[in-house]
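Fold the following.
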Amino acid sequence: MNPLLRRCWPLAALAALALLPWIPGVPSKLVLQLKDILIFSILALGLNVVVGYTGLLNLGIAAFFGIGAYLTGILTVSTFPFQTGFWPALVVATVGTGLAGVLLATPTLRLRGDYLAIVTLGFGEVIKFAIKNLENITGGSKALNPIPDPSLPGFSGPWGEKGYFYLALLILGAVLLLLRNLERSRLGRMWMAIREDELAAACMGMNAATVKLSAFAIGSALAGLAGSLYAVSLDQTGDPSSYTFNRSITVLCFLIIGGMGNLKGAVVGTFVLMGYDNILTPWIDGRLQAAGSKVQFGDFKLIVFGLALIAMMRFRPEGIFPSRRIHDTTEPCVGVE
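Numbering: from 1, shown residues only. Model prediction:
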């Protein structure tokens, strides 16, 4: 691919998405579905920092997603006395979830591989049951609602699907810019050095514990940011089933399909899988019903998804967009001052 085209096509894709809601004939339901995909792209980018860049298997990303959502709910709904508004709640949810990631990572930094995965999985289960059982704080299965719309100077009307779509698109663009700069920074090179060979990186003078802690903090903060957006766009925090182990595995599949350690891969993998589940499958079912068929494609969608995942692992295990640095031997050595 032409180098200029390779650099510019992500910006062109974001611009096309920005114009999509104004195209005549585009249903509002599609805009709503794309809004959810944009939010989950931010969540996938947070997991990509931990799993893709640093090589640490985190199976509890949905827990941080839920923490961000419930912090936003607690700070904004009328049930509690805070009622800070969305923007301060967004900041608190992002920073607070990042601190939660640090608290989880600090005692577990010596763990690797399956052991770390088990710890993060257990943390996710703890958060799920805490949300479910602390009804006085979280509302239990009823969720916290209603979460008020974000306030903007000179605008007091309802946001609607388009408003939340553009909010998610703007924040996704900012996250992509932030992570692109981090990827090219000294910290980003240290993350990837830890991923490739932690022992060699430590021998070069890196503090592996600090590097991994920074990855957990940033990845968790982005998950909390996505959770905050998810809650305000839903007008509620959602029930505890929205933040389970299944959600964490689904987000991990986004990275497997798109390509771990690649920003474009995380976003494209989210669009591919969520587009298949939320857009393509209902469309096929609608066409089948219109044709009078009694067969529902939705009954077989997981079979198709499983076969596609197996084929991807067999023929392109690096994903649609592999990390360019995995096999790049031209990168200079990472130095530590």
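
Show the contacting residues for residue 180.
residue 263 (CB atoms under 8 Å, 6 or more residues apart in numbering). (Each C-beta comes from the backbone N, C-alpha and C, glycine too.)

Make sure I have this right: it is in a strand.
No: secondary structure of residue 180, determined by DSSP: H, G, I helix; E, B strand; the rest coil: helix, with no strand assignment.

which non-adjacent residue is nearest residue 248?
Of all residues beyond its chain neighbours, the one nearest residue 248 is residue 62 (4.3 Å), with distances taken as CB to CB, 6 or more residues apart in numbering.

I'd assumed residue 227 was in contact with residue 89.
No: with contact defined as CB atoms under 8 Å, residue 89 does not count as touching residue 227 (11.0 Å).

between those two, which one's more packed in?
Neighbours per residue (other CB atoms under 10 Å) separate residue 89 from residue 227, with residue 227 holding more: 33 against 27.

Now the more buried one. Nearest residue, chain neighbours left out?
Once chain neighbours are set aside, the closest to residue 227 by CB to CB, 6+ apart is residue 68, at 2.8 Å.

before we move on, what about residue 132?
residue 240 is the one closest to residue 132 (CB to CB, 6+ apart), at 4.5 Å.

show me the contacts for that neighbour.
For residue 240, the contact set (CB under 8 Å, 6+ apart) comprises 66, 128-129, 131-132, 140-141.

Relative to residue 24, which of those residues is nearest.
For these, the minimum distance to residue 24 (CB to CB) is 38.3 Å, reached by residue 66.

can you tell me which residues contact the closest one?
Neighbour list for residue 66: 127-128, 131, 227, 240, 242-243 [criterion: CB under 8 Å, 6+ apart].

Tell me the most packed of those residues, by neighbour count.
Ranked by neighbour count (other CB under 10 Å), these have residue 227 at the top, with 33 neighbours.

Tell me which helix or strand that one sits in.
Residue 227 is part of helix 208-234 when elements are defined by DSSP states H and E.

In helices, which of the contacts of residue 240 fall?
When helices are assigned by DSSP state H, the members of the contacts of residue 240 inside them are 66, 128-129, 131-132.

so can I have TSV of these showing pLDDT and distance to residue 285?
What follows is the ones in helices among the contacts of residue 240, written out as TSV (pLDDT from 0 to 100; distance: CB to CB, whole Å):
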residue	pLDDT	distance to residue 285
66	96	30
128	91	30
129	91	34
131	92	32
132	90	32
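
so how far is stretch 77-89 off the chain centroid?
What separates the centre of stretch 77-89 from the centre of its chain is 24 Å, taken as CA atoms, centre = their mean, to the nearest Å.

try stretch 281-301
On the basis of CA atoms, centre = their mean, stretch 281-301 sits 29 Å off its chain's mean C-alpha point.

End to end on that stretch, go ahead and measure it.
The first residue of stretch 281-301 is 7 Å away from its last residue (CA to CA, to the nearest Å).

Please spell out which residues along it are buried.
Buried residues in stretch 281-301, counting neighbours by 16 or more other CB atoms under 10 Å, are found at 281, 285, 297, 301.

wait, doesn't the second one sit right on residue 297?
Yes: Residue 285 sits in contact with residue 297 when judged by CB under 8 Å, with a separation of 5.3 Å.

Can you tell me the element the residue sitting nearest the centre point of the chain falls in?
Residue closest to the average C-alpha location in the chain (CA atoms, centre = their mean): residue 43, at 1.0 Å. Using DSSP H and E, residue 43 maps to helix 28-47.

That helix - contacts with which helices or strands?
In terms of contacts (3 or more CB pairs under 8 Å, 6 or more residues apart in numbering; DSSP states H and E), helix 28-47 is packed against helix 61-76, helix 160-184, helix 208-234, helix 245-258, helix 263-275.
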